[in-house]
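Chemist: Sequence and predicted structure below; questions after.
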Amino acid sequence: MKIIRVTSFELPELQPYRTLRRPMEHRRQGIFIAESEKVVRQLLESRLHTISIMMTQEWFDHYKNMLEDKKDDQPTVFIAKKNLLESIVGYHLHQGIMAVGRIPQSITLEGVLTTSPRPFLLVAIEGMTNSENLGVLVRNCVAFGVQALIVGETSSSPYLRRAVRNSMGTIFKIPVVRVESLVKTLAVLRDQFGVRSLAAHPREQSKSLADALFGQDCCLVFGSEGEGLSKDVVAACDDAITIPMKTGVDSLNVASASAVLLYEVWRQRVGFSR
């Protein structure tokens, strides 16, 4: 295990930690940041490659045995004092432990569907740019058994720092399919794989969630926080679903809406059996 005692952030290897507020730079490098003890632990326990970890001596003592056991994927360990780490973003966010991981290659639809049990459950997103909402949506997806997240061309990466943090590391547990055209992808799902796409679309003409059936292969499609789904994407879906609400509230936050819809899918497929 390579251990480096840090007294200054000028080391070239610390570039990812110095540039936490430059997400595009990290994306170009194919890396992401994991913040906080729970998220770093999820990363170390996953199959993703951990490039390095920055932590205090206390955290190193806690993780030493676990790091030594990772013989095939040992990250470089940077140990720094708390007062130095406090200068990065905010100590309360990363809790004195952060890591840099390698973004995995995007898997193909074929790769997901040929290795997943039926009935399929997928989630697709269009225009989601709020990292916090995206992270919570990912957490909901993993909690309710979604087999892959399809990220449309207008959505942010679920590997952005805040998205990873708000997912609580669950992003490491779900395949991500990045597509160049969500409209075309939904057509492929229907025509080649027989998967129905259902738009989460809070409109009067949409089918009530209480009347929706989720027993067959399906892909739930969620839109942006402000504009919702585009007309083209709604048209590419096989049906539209809305969550009934009291008069005066027209929609839920997309992260909240995803939890409600995905729970209903789980309830219909699994029920309350243990």
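Modeler: Yes, it's here. None of these values were measured; they are calculated from a predicted model.

Chemist: where along the stretch 101-250 of the chain do the helices fall?
Modeler: 109-113, 131-143, 161-166, 182-193, 231-236 (DSSP state H, counting those that start in this stretch).

Chemist: Now mean neighbour count and mean pLDDT too, for those helices, in JSON lines please.
Modeler: Quick note: C-beta positions are derived from backbone N, CA and C, even for glycine. As requested, the helices of the stretch 101-250 of the chain are exported to JSON lines (neighbours: other CB atoms under 10 Å; pLDDT from 0 to 100):
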{"stretch": "helix 109-113", "mean neighbour count": "16", "mean pLDDT": "94"}
{"stretch": "helix 131-143", "mean neighbour count": "23", "mean pLDDT": "97"}
{"stretch": "helix 161-166", "mean neighbour count": "23", "mean pLDDT": "95"}
{"stretch": "helix 182-193", "mean neighbour count": "17", "mean pLDDT": "97"}
{"stretch": "helix 231-236", "mean neighbour count": "16", "mean pLDDT": "96"}
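
Chemist: among the ones you listed, which is nearest Thr19?
Modeler: For the helices of the stretch 101-250 of the chain, proximity to Thr19 was assessed by CB to CB; helix 161-166 is nearest, at 10.4 Å.

Chemist: Any chance you could list what contacts the closest one?
Modeler: 20, 23, 26, 32-36, 39, 93, 131-136, 138-139, 156-158, 171 (CB atoms under 8 Å, 6 or more residues apart in numbering).

Chemist: closest to Ile79 out of the helices of the stretch 101-250 of the chain?
Modeler: helix 161-166 (21.4 Å).

Chemist: What would the closest one look like as PDB? C-alpha coordinates only.
Modeler: The C-alpha trace of helix 161-166 is given here as PDB (Å, rounded to 0.1, in the frame of the first residue of the first chain):
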ATOM      1  CA  ARG A 161     -19.800  14.800  -6.700                       C
ATOM      2  CA  ARG A 162     -23.100  15.900  -5.200                       C
ATOM      3  CA  ALA A 163     -25.000  13.200  -7.000                       C
ATOM      4  CA  VAL A 164     -22.700  10.500  -5.600                       C
ATOM      5  CA  ARG A 165     -23.000  11.900  -2.100                       C
ATOM      6  CA  ASN A 166     -26.800  12.200  -2.200                       C
END
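
Chemist: Could you tell me how many residues sit around Ala124?
Modeler: Neighbour count of Ala124, defined by other CB atoms under 10 Å: 28.

Chemist: Which residue, neighbours along the chain excluded, lies closest to it?
Modeler: Using CB to CB, 6 or more residues apart in numbering and skipping the chain neighbours, the partner closest in space to Ala124 is Ile150 (3.9 Å).

Chemist: The residue nearest to Gln74 when sequence neighbours are not counted and Arg165: what is the separation?
Modeler: In space, and not counting its chain neighbours, Gln74 is closest to Met1: 5.3 Å by CB to CB, 6+ apart. Going from Met1 to Arg165 by CB to CB, to the nearest Å gives 26 Å.

Chemist: same deal with Ala210?
Modeler: 34 Å.

Chemist: quick one: low-confidence parts of the stretch 1-150 of the chain?
Modeler: 89-93 (pLDDT under 70).

Chemist: What are the boundaries of the strands in it?
Modeler: 3-5, 31-35, 50-55, 76-79, 97-102, 121-125, 148-151 (DSSP state E, counting those that start in this stretch).

Chemist: Return the most buried member of those.
Modeler: strand 121-125 (a mean of 26; mean count of other CB atoms under 10 Å).

Chemist: so what secondary structure elements neighbour it?
Modeler: helix 131-143, strand 148-151, helix 182-193, strand 218-222, helix 254-270 (3 or more CB pairs under 8 Å, 6 or more residues apart in numbering; DSSP states H and E).

Chemist: can we see that at 10 Å?
Modeler: Judged by 3 or more CB pairs under 10 Å, 6 or more residues apart in numbering; DSSP states H and E, strand 121-125 is in contact with helix 109-113, helix 131-143, strand 148-151, helix 182-193, strand 196-200, strand 218-222, helix 254-270.

Chemist: All set now, cheers.
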